[in-house]
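K.L.:
turn this into a structure:
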Amino acid sequence: MRVLLVEDDVDLSRQLKLALGDAGYAVDHAADGEEAHFLGDTEPYDVVVLDLGLPKIDGVSVLERWRRDGKTTPVLILTARGAWSDKVSGFDAGADDYLTKPFHTEELLARLRALLRRSAGIASATLSCGGLRLDPRAARATVSGEPLRLTSLEYRLLHYLMMHQGRVISRTELVEHLYDQDFDRDSNTIEVFVGRLRKKIGPDRIETVRGLGYRLTPLAGESDGT
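P.N.:
Okay, here's the model as predicted:
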């Protein structure tokens, strides 16, 4: 999953980027509202963490512009303690959730997981596809009950495929959602990572749809209980 972190506090930004990266997210950072609006307008993020007290353009105005332009990406806003009016303004502008500073990083991560599940129409906290299980809380995956040893990019790839299982996903979409803005993006590397993942979860779980992309499906005869 790819997240846009919009925060002008240097120390908090550094802390959150590390925590989000450790949790398996590809993270882009913007330190002011102008850059945030540009990135949110041009890049396909899965979720946004948006501070409201930003230089150049305030967070509420950024969010209003995104929603006015038809951007539906889930947005979690960060507000100062006791600033109830900011919460109201944020929700009226189109926010999906909020956190009041100071907060525990684990709560932020839990709220992001909930937003991502809600946007994908998933109720369970654990993702499953036949014998595959993925727990975003622990950033762990198993196949037929056996733990999988995955690199960070393999984990991101499996997470994204499981969030959108049954749907054909193009290599371009995978590149846009697995890598952060500064990564040297090459759609050909996706084929390499898919090949590695197939070796670990079984070659037939990820189907290649020629000319279109990849689709994750259960094996024949599998159900979510197997």
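K.L.:
gap between the residue nearest the centre of the chain and Gly145?
P.N.:
With distances taken as CA atoms, centre = their mean, Met1 lies nearest the centre of the chain, 2.7 Å away. Separation of Met1 from Gly145 (CB to CB, to the nearest Å): 25 Å. In short, each C-beta sits where N, CA and C put it, glycine included.
K.L.:
residue ranges of the strands in the protein, please?
P.N.:
2-6, 26-30, 47-51, 75-79, 97-100, 127-129, 132-135, 140-143, 146-147, 206-209, 213-216 (DSSP state E).
K.L.:
pipe those strands into CSV and attach mean pLDDT and distance to Leu39 per row.
P.N.:
Shown next, in CSV, are those (pLDDT from 0 to 100; distance: least, CB to CB, whole Å):
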stretch, mean pLDDT, distance to Leu39
strand 2-6, 97, 6
strand 26-30, 95, 6
strand 47-51, 97, 9
strand 75-79, 95, 13
strand 97-100, 94, 20
strand 127-129, 93, 27
strand 132-135, 95, 27
strand 140-143, 94, 29
strand 146-147, 94, 36
strand 206-209, 94, 30
strand 213-216, 96, 25
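K.L.:
please parse this structure into its domains.
P.N.:
Domains of the chain are assigned by automatic domain parsing as 2-119, 127-216.
K.L.:
number of residues surrounding Leu161?
P.N.:
Residues lying near Leu161 (other CB atoms under 10 Å) number 26.
K.L.:
that one and Leu216 touch, don't they?
P.N.:
Yes - under the criterion of CB atoms under 8 Å, Leu161 makes contact with Leu216 at 4.0 Å.
K.L.:
now list whatever residues contact both of these two.
P.N.:
Ile206 (CB atoms under 8 Å, 6 or more residues apart in numbering).
K.L.:
poorly predicted segments of the chain, please.
P.N.:
Within the chain, the segments meeting pLDDT under 70 span 81, 182-187, 223-226.
K.L.:
switch to 50 and redo it
P.N.:
Segments of the chain classed as low confidence (criterion: pLDDT under 50) are 225-226.
K.L.:
could you pull out the helices in it for me?
P.N.:
Applying DSSP state H to the chain gives helices spanning 10-22, 33-42, 59-68, 84-93, 105-120, 152-163, 171-178, 187-201.
K.L.:
for the second one, list every residue counted as buried.
P.N.:
Which is helix 33-42. Judged by neighbour count using 16 or more other CB atoms under 10 Å, the buried positions of helix 33-42 are 33, 35-37, 39-40.
K.L.:
from the residues you listed, which is closest to Thr79?
P.N.:
Gly33 (15.1 Å; CB to CB).
K.L.:
excluding sequence neighbours, find me the nearest residue to the residue nearest to the centre of the chain.
P.N.:
In space, Met1 comes closest to Asp46 once its chain neighbours are excluded; the distance is 4.4 Å by CB to CB, 6 or more residues apart in numbering.
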